[in-house]
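Asks: Here's my sequence, what's the structure:
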Amino acid sequence: MSARPFIVAALILGGLPLGCGGRVEMALVDPAKYDFHTCPQLERAMKTLAERARELTALQRKAAGAVIATIAYKPDYLATIGDMRVVETAARDKQCDPPIAIPADTLER
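Replies: Numbering: from 1, shown residues only. Okay, the predicted model is just below:
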């Protein structure tokens, strides 16, 4: 049996999260996870999540090929970005000052 069908399937599935409007990560998180956090707690959570997103991005770049990077790190990266979106929404709802936003350097281009 040839490995070609598996490689093609991995490439197609690997590209799906990027082609589905950029909100696939929201399916991986609990939208109420940060509802009871204070603004300082949300700020700490955003910093921790941003560091994790940067770490996962670096690991994806170092991985041996796009398929391996997608399989190994993309689900964790998407879940982390989803958590960051939930933190950002919770902070906006609580009117945290200063506003808490997703750092631009953590989002893939």
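
Asks: Show me which helix or strand of the protein is least confident by mean pLDDT.
Replies: When the helices and strands of the chain are scored by mean pLDDT, DSSP states H and E, helix 4-19 comes last with a mean of 52.

Asks: Now the helix or strand just after it: average pLDDT?
Replies: Beyond helix 4-19 in the direction of the C-terminus, DSSP states H and E gives the next helix or strand as helix 39-62. What helix 39-62 shows for mean pLDDT is 95.

Asks: Give me the buried stretch members for helix 39-62, please.
Replies: Residues 39, 42-43, 45-46, 49-50, 52-53, 56-57, 60 are the ones in helix 39-62 that count as buried (16 or more other CB atoms under 10 Å). C-beta: built from backbone N, CA, C; applies to glycine.

Asks: just those residues now: which is nearest Thr89?
Replies: In terms of CB to CB, no member of these lies closer to Thr89 than Leu42, at 10.0 Å.

Asks: Okay then, goodbye and thanks.
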